[in-house]
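Trainee: Fold the following for me, if possible:
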Amino acid sequence: MAADGEPESEVFEITDFTTASEWERFISKVEEVLNDWKLIGNSLGKPLEKGIFTSGTWEEKSDEISFADFKFSITHHYLVQESIDKEGKDELLEDTIPQSMQDLLCMNNDFPPRAHCLVRWYGLREFVVIAPAANNDAVLSESKCNLLLSSVSIVLGNTGCQVPLFVQIHHKWRRMYVGECQGPGVRTDFEMVHLRKVPNQYTHLSGLLDIFKSKIGCPLTPLPPVSIAIRFTYVLQDWQQYFWPQQPPDLDALVGGEVGGLEFGKLPFGACEDPISELHLATTWPHLTEGIIVDNDVYSDLDPIQAPHWSVRVRKADNPQCLLGDFVAEFFKICRRKESTDEILGRSTFEEEGREIADITHALSKLTEPAPVPIHKLSVSNMVHTAKKKIRKHRGVEESPLNNDVLNTILLFLFPDATSEKLLDGTSVTDNNNPPPDSEEYNLYNQFKSAPSDSLTYKLALCLCMINFYHGGLKGVAHLWQEFVLEMRFRWENNFLIPGLASGPPDLRCCLLHQKLQMLNCCIERKKTRDDGVKTSPSDKITNTYSGDAGKAGSQLGPDNLKDTDKEKGEVGKSWDSWSDSEEEFFECLSDTEELKGNGQESSKKGGPKEIANLKPEGRLRQHGKLTLLHNGEPLYIPVTQEPAPMTEDLLEEQSEVLAKLGTSAEGAHLRARMQSACLLSDMESFKAANPGCFLEDFVRWYSPRDYIEEEVIDEKGNIVLKGELSARMKIPSNMWVEAWETAKPIPARRQRRLFDDTREAEKVLHYLAVQKPADLARHLLPCVIHAAVLKVKEEENLENISSVKKIIKQIISHSSKVLHFPNPEDKKLEEIIHQITSVEAIIARARSLKAKFGTERCEQEEEKEDLERFVSCLLEQPEVLVIGAGRGHAGRIIHKLFVSAQRLTESSDEAAAMSLPEEELKKMGSSEERRQHSLSDFPPPAGRELILRTTVPRPAPYSRALPQRMYSVLTKEDFRLAGAFSSDTSFF
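Mentor: Numbering: from 1, shown residues only. Modelled structure (predicted):
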């Protein structure tokens, strides 16, 4: 068996060399990707313009490849540029060196402020990087690095790609790359050194020049001149000579005039800490040659004051604490709380149950008993703070989350009418500090669905925000809300109008809470007018009546021929037109049989038109132009009608749901029409009372003119006359209009049953307010808070005039208007809006910080002030700003002073322990040489030293082609890096 097995084993030992290895597959995949990206051949671009690396557009493409089971990502980074046209390409010489090699010598874009690290180190406009796909993967062993580098070399040779190809090695945080670029007969190797600690001989120019020359190994003597670009970066961290102007708010103060103070109704603004943490000054010597300057371990000519170019960048504090942002964010957190007001305030169930019963019985008594007459001699303190007594029965004063002073201040801010006797008259006090109603800022509530900036709802939102942030948090919010609800009930019961609300029906453009308060105000207004009618004596009624002729156009709303006053003594009076001061009486009952008999209205059902025509006209508003009744030729009068019942959006939605549930059956449609025709029936009755002897055609001519069709016809005498008739829909048998007209009685609006039951609606609103949890309240008022925050940001931006902020504010308004119009906006979207507001606040705070540091307000010359303000705005918007005039310019002198002050402070603190003050003074008065050395210490040691060395030499042999060589060096406290690009001739070596 063993003998038989020997030939078989020999067969299986045959190796198939035609099968591709993993390495070959990897190379093939890289070549395939380069072909797909069309990176084959030479593609020369235009010469690089100055600053194009920062101002231009960088794009990248990525793909994934693998070496066996190890995954790599391959990424193509490139600057978007127009390529040279085809004619230009034809004229290119075959031996033109690749674009990347030419870019090594370009001096227009040294030290770009914002770019990929390889762009900064090598000045490349285009390159490809192969890196481990996973962040925690790394190519650490030398053999693997060499294998990847060999792969790169083979790929470039096979494809003819002239774009540099880099491989990332070691851990990603080290940013270590090796790479290669190949062209016709030339090659550039990209090498790198990264050390934690720098050898002493390489901390200055002379040592780095030695490295560069030894690496080039140029056989020529003398060596061609080396071009040098140097940048030193100095960091200023100590701003103690300029205190941050934002003071933390005084939590004990109620009203503060400081920046970010606590004046009720005004939001705080600004950063609590300096939003600018550091200033980086880069002093640059862009074009130096080897023999011009000396920089070694003993002496240096590189004085930052003498540097021809200065540029500055600022480092912004990470997420500085901003008052306005925190203010809104803390209020938003309430939206996620689930506790009810009573749970937060710790009231017992039994006390609450007793109060509910009392409220219900009170509500029932309001429905069944005559309204109480208000007492006019109430004290102001009673009026505003009766609510507090009710709640104090359940909770001791010491347990109250809000102290009396804070609560009194807030209530007087919300209800300014409490400070004057005007409250007794029901008139509200207006605030003259509000923006004009036509302004864009004022009308912002339409977009945000919040409330006008002069409204009670808006002020309440600000006060709750303030309480939540400074005075008691969630408990304070619950306490204030309970006081507010009690104040609303107090005003309803005592007929005091709520200030800060526009008159009229609820504004559906505002938030639901604002609509509810407007609804309550409507109820108070109608109840007040009705109660005033009860108090009016019979003699007053007689003296206040109008004459029978009330038909003149433009006359005031008033009753006609109120003569049966003795029959009306026991009836409850009411002015139907809630938004006027008319003495028109209103009867809650549907009809009074006795009075109808006395007024001849009972016979209207039985009698014909003659009996109806004999009725006395009532409830006329004015005459309707030249229209006359069709049958008796009497002038047609517009009647006084009941206003439709005001509705909030939730009531409208509820009504529409009820109507929709009735279905599409005939019965459902009929019921729906009857429900919707209550107002129509009331108007018909008013019309019949104002126009005795009228017919449906007369009513339609006034109420719906399009349903009365008039045509010109020729009568018997040959004259052209107008003949009219009802429209087709009005002639449909048993239609709703005909039915309503037949059932309508001639009853003026003041005697009709109310379309709007103010008592019931007011109790519904008060119950709605009472059951609101703090979270529900915060949801209702968050649009108002965001509205206020946007207005505050706009107001602060107007003082600074920052163009970038204007754009962001427009974006915030646009975004907020989309989000807040939905009934229940997503928390994530609301957080985005709050974050945007905070970011704008931080930008404005940074602008103020820089203005304070550069002293723009202290400039005497207008031109210098404008230059400084322009410089400060550029610092905010650009990554790096060139200082005009370098150290000798106006901004340069200010920066110099900042560094000098910081240095003096550092030196004095260092020397304080070793020296006394007289010795310091003697030192300052030392020799001129000492003073000169002292002036050199105006700046601290540079935090970063960057050098770029360039030259063009033949390499590796004297007869080789002269090719670009470049070495970049950066030295900081943490590390030392050398990045070299060394080109060699592969044809003549």
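Trainee: got the CA coordinates for stretch 727-743 in CSV?
Mentor: Output of stretch 727-743 as CSV, limited to C-alpha atoms (Å, rounded to 0.1, in the frame of the first residue of the first chain):
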residue,chain,number,x,y,z
SER,A,727,-82.2,80.1,-7.8
ALA,A,728,-82.7,76.4,-8.6
ARG,A,729,-81.2,75.2,-5.3
MET,A,730,-83.7,77.4,-3.3
LYS,A,731,-86.6,75.9,-5.2
ILE,A,732,-85.8,72.3,-4.3
PRO,A,733,-88.7,71.0,-2.3
SER,A,734,-88.2,70.8,1.5
ASN,A,735,-84.7,72.4,1.3
MET,A,736,-83.2,73.6,4.5
TRP,A,737,-83.7,77.4,3.8
VAL,A,738,-87.5,76.9,3.1
GLU,A,739,-87.9,74.8,6.2
ALA,A,740,-86.1,77.3,8.4
TRP,A,741,-88.0,80.2,7.0
GLU,A,742,-91.3,78.5,7.7
THR,A,743,-90.4,77.7,11.3
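Trainee: Give the buried residues for that stretch.
Mentor: Met730, Met736, Trp737, Ala740, Trp741 (16 or more other Cβ atoms under 10 Å). Just so you know, the C-beta spots here come from the backbone N, C-alpha and C atoms, and that holds for glycine as well.
Trainee: Out of the residues you listed, name the ones that lie in helices.
Mentor: Met736, Trp737, Ala740, Trp741 (DSSP state H).
Trainee: The first one and Ser677 touch, don't they?
Mentor: Yes - the pair Met736 and Ser677 qualifies as a contact (Cβ atoms under 8 Å) at a distance of 5.5 Å.
Trainee: Format the ones in helices among the buried residues of stretch 727-743 as a markdown table; extra columns: distance to Lys527 and pLDDT.
Mentor: Formatted as a markdown table, these follow (distance: Cβ to Cβ, whole Å; pLDDT from 0 to 100):
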| residue | distance to Lys527 | pLDDT |
| --- | --- | --- |
| Met736 | 32 | 81 |
| Trp737 | 33 | 85 |
| Ala740 | 29 | 85 |
| Trp741 | 32 | 88 |
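Trainee: got a markdown table for those, with distance to Val640 too?
Mentor: Below are those laid out as a markdown table (distance: Cβ to Cβ, whole Å):
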| residue | distance to Val640 |
| --- | --- |
| Met736 | 23 |
| Trp737 | 21 |
| Ala740 | 19 |
| Trp741 | 19 |
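Trainee: quick one, longest strand in the chain?
Mentor: strand 276-289 (DSSP state E).
Trainee: which helices and strands does it pack with?
Mentor: Applying 3 or more Cβ pairs under 8 Å, 6 or more residues apart in numbering; DSSP states H and E, one finds that strand 276-289 makes contact with strand 227-236, strand 309-316, helix 827-854, helix 890-911.
Trainee: Return the first one as PDB; C-alpha atoms alone will do.
Mentor: Below are the C-alpha coordinates for strand 227-236, written out as PDB (Å, rounded to 0.1, in the frame of the first residue of the first chain):
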ATOM      1  CA  SER A 227      14.300  77.900  -0.700                       C
ATOM      2  CA  ILE A 228      12.900  78.300   2.800                       C
ATOM      3  CA  ALA A 229       9.400  79.100   4.200                       C
ATOM      4  CA  ILE A 230       9.000  79.400   7.900                       C
ATOM      5  CA  ARG A 231       6.000  79.800  10.100                       C
ATOM      6  CA  PHE A 232       6.000  80.300  13.900                       C
ATOM      7  CA  THR A 233       2.700  80.000  15.700                       C
ATOM      8  CA  TYR A 234       2.200  81.800  19.100                       C
ATOM      9  CA  VAL A 235      -0.800  81.000  21.300                       C
ATOM     10  CA  LEU A 236      -2.400  83.600  23.600                       C
END
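Trainee: Now that strand: average pLDDT?
Mentor: Average pLDDT, strand 227-236: 93.
Trainee: Other residues contacting it?
Mentor: By Cβ atoms under 8 Å, 6 or more residues apart in numbering, the residues outside strand 227-236 that reach it are 107, 110-111, 205, 278-290, 293, 295, 302, 304, 307, 898-899, 902, 939-940, 942-951.
Trainee: Mind doing that once more with 6 Å?
Mentor: The contact list for strand 227-236 (Cβ atoms under 6 Å, 6 or more residues apart in numbering) reads 110-111, 278-286, 288, 898-899, 902, 939, 942-950.
Trainee: filter the residues you listed to the buried ones?
Mentor: Using 16+ other Cβ under 10 Å as the burial test, those include 110-111, 279-286, 288, 898-899, 902, 939, 942-950 as buried.
Trainee: And the helices in the stretch 201-350 of the chain?
Mentor: Secondary structure of the stretch 201-350 of the chain by DSSP state H, counting those that start in this stretch: the helices cover 205-216, 323-334, 341-345, 349-368.
Trainee: Going by neighbour count, list what's buried in the third one.
Mentor: Spelled out, it's helix 341-345. By 16+ other Cβ under 10 Å, the buried positions in helix 341-345 come out as Thr341, Asp342, Ile344, Leu345.
Trainee: Pick out the most distant pair among these.
Mentor: Farthest pair in the buried residues of helix 341-345 (Cβ to Cβ) is Asp342 and Ile344. Separation: 7.3 Å.
Trainee: Fine, thanks again, bye for now.
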